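Enquirer: Just a sequence and a predicted model for now, questions to come.
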Amino acid sequence: MHFTEGAAIADSRGYTEETCNKARDAGLSSVTNEVIFMNYGVIDVGSNTVRLCVYDVSADGRKFKTIVNRKTMAGLAAYVQDGVLSEEGIGVAAESVRKCLKRAAYLKPVRVDVFATAVLRNIANSAQAISAIETAANCSIALLSEEDEAHLGFAGASSKDELVNGVLVDIGGGSSEVTLVADRKDVMRASLPLGSLSSYRRHVRDIMPTKEEFEAIQAEVRALLEADAHGMAEHRVRRLFGVGGSVRALAEVNAHLVEGASDKDMTHDDVHRLVEDMFARRRIFLDAVLHAAPERVHTIACGLAILTELFDDFDADTLHICSNGVREGYLIERILGV
């Protein structure tokens with residue numbers, strides 16, 4: 001029940017219409033069962049997309065739901081040359097953030113935070129680029145460290161799904177965050193500087209990788225895991241948990257190709273069958289990608305290479321796609337403080 005229905009709320013919940021309208025103007029979005037909900041916004045500046053999420057949050061911070069989830073295909077990684085984000089890329093980032101802030105303003109949010117991950121973290125001119133974007137977009141940007149990104153991904157994922165034991169995987173555009181979960185806690189984290197988009201730019205000459213290019217991506221993932229100082233590669237788990245667009249898109253492709261398959265769960269055999277489909281039945285595979293995630297047609301195979309290697313390295317049997325991720329984790333811990 002929204003504040004535009006002020007009179008109805010006044011009758012059924014005991015609030016006056018004037019109070020409801022004032023609350024609406026202050027950024028409060030709804031009243032449900034005598035709980036006032038407020039809007040909060042989060043803007044995620046990634047390697048491939050800049051995404052705005054607006055959440056309806058109860059006043060006590062215990063409940064929230066997504067009411068806006070809009071992305072802009074900024075492709076910022078394409079503007080990184082020799083480790084430097086170009087002036088053009090900075091302009092594209094600033095304009096994308098500015099558009100997100102404008103969209104968010106229509107909902108009168110209490111607060112909108114902007115954060116960035118690998119695309120601004122792993123460049124030589126990180127501080128200068130962030131400062132320029134902040135000035136142009138008139139905002140502040142929180143740059144998440146590798147540890148922060150992995151932990152907030154866990155905080156978001158575990159807010160809705162039950163993560164007991166396993167490995168949480170977040171395959172982003174510029175990096176992949178791998179988190180060991182034991183007894184419902186994130187006990188070890190590794191950030192691999194290789195994501196679906198960065199691996200595409202590094203290894204693939206055409207739209208889809210050749211078998212040799214696919215295997216080169218897998219080999220790099222394996223080498224990065226083995227080089228991790230925390231010893232992440234030594235662990236074996238039965239279950240993976242996935243967050244982010246790459247694993248979600250792969251599950252949707254699998255569900256499109258396999259009758260009765262869930263878009264929330266995949267098995268070791270499922271991901272290896274997708275690899276077979278990609279090479280032996282490429283047209284069928286591409287049709288499924290174009291149906292499920294057309295904007296990822298050039299990166300989804302790279303995400304698949306990373307995912308299959310993680311399945312094999314951890315000797316996992318299953319993957320469960322979590323509903324929430326790093327943006328929800330940021331909302332919970334950095335904005336709501338719960």
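Expert: Happy to help now that I have it. Predicted model, so just to flag it, every value in this text is computed and none were measured.

Enquirer: Nearest to the spatial middle of this protein, which residue is it?
Expert: Of all residues in the chain, the one closest to the mean position by C-alpha atoms, centre = their mean is Gly244, 3.7 Å from it.

Enquirer: Which residues are in contact with that residue?
Expert: 153, 170-172, 325-326 (C-beta atoms under 8 Å, 6 or more residues apart in numbering). Any C-beta I mention is one placed from the backbone N, CA and C, and that applies to glycine too.

Enquirer: farthest-separated two in these?
Expert: Pairwise distances across the contacts of Gly244 peak at 12.0 Å for Ile171 and Val326 (criterion: C-beta to C-beta).

Enquirer: just checking, Arg51 touches Arg327?
Expert: Yes. Contact between Arg51 and Arg327 holds when scored by C-beta atoms under 8 Å: they sit 7.3 Å apart.

Enquirer: Could you check which of those two has the larger neighbour count?
Expert: Remark: of Arg51 and Arg327, Arg327 carries more neighbours, 23 against 19, as counted by other C-beta atoms under 10 Å.

Enquirer: which SSE is the more buried one in?
Expert: Assigned by DSSP states H and E, Arg327 belongs to helix 326-330.

Enquirer: can I get the CA coordinates of that helix in PDB?
Expert: Backbone C-alpha positions of helix 326-330 (Å, rounded to 0.1, in the frame of the first residue of the first chain) are rendered in PDB as follows:
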ATOM      1  CA  VAL A 326      27.200  -7.800  -3.200                       C
ATOM      2  CA  ARG A 327      24.700  -5.000  -3.700                       C
ATOM      3  CA  GLU A 328      22.400  -6.400  -1.000                       C
ATOM      4  CA  GLY A 329      25.400  -7.000   1.200                       C
ATOM      5  CA  TYR A 330      26.400  -3.400   0.800                       C
END
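
Enquirer: Could you list every helix and strand in contact with that helix?
Expert: Other helices and strands packing on helix 326-330, by 3 or more C-beta pairs under 8 Å, 6 or more residues apart in numbering; DSSP states H and E, are strand 35-45, strand 50-58, helix 146-157.

Enquirer: so what does the helix or strand harbouring Leu274 touch, helix or strand wise?
Expert: Per DSSP H and E, Leu274 falls inside helix 268-280. Helices and strands touching helix 268-280, by 3+ C-beta pairs under 8 Å, 6+ apart, are helix 211-227, helix 245-257, helix 282-292, helix 300-314.

Enquirer: so Glu295 makes contact with Met73?
Expert: Yes. Shown here, Glu295 and Met73 form a contact pair, counting by C-beta under 8 Å, at 5.9 Å.

Enquirer: list the contacts for the nearest residue to Ala118 once chain neighbours are set aside?
Expert: Using C-beta to C-beta, 6 or more residues apart in numbering and skipping the chain neighbours, the partner closest in space to Ala118 is Gly174 (3.2 Å). Shown in contact with Gly174 (C-beta under 8 Å, 6+ apart): 46-47, 77, 117-119, 122, 193, 195, 197-198.

Enquirer: just checking, Val68 is part of a helix?
Expert: No. Per DSSP: H, G, I helix; E, B strand; the rest coil, Val68 lies outside any helix segment and is strand.

Enquirer: This completes my enquiry, with thanks.
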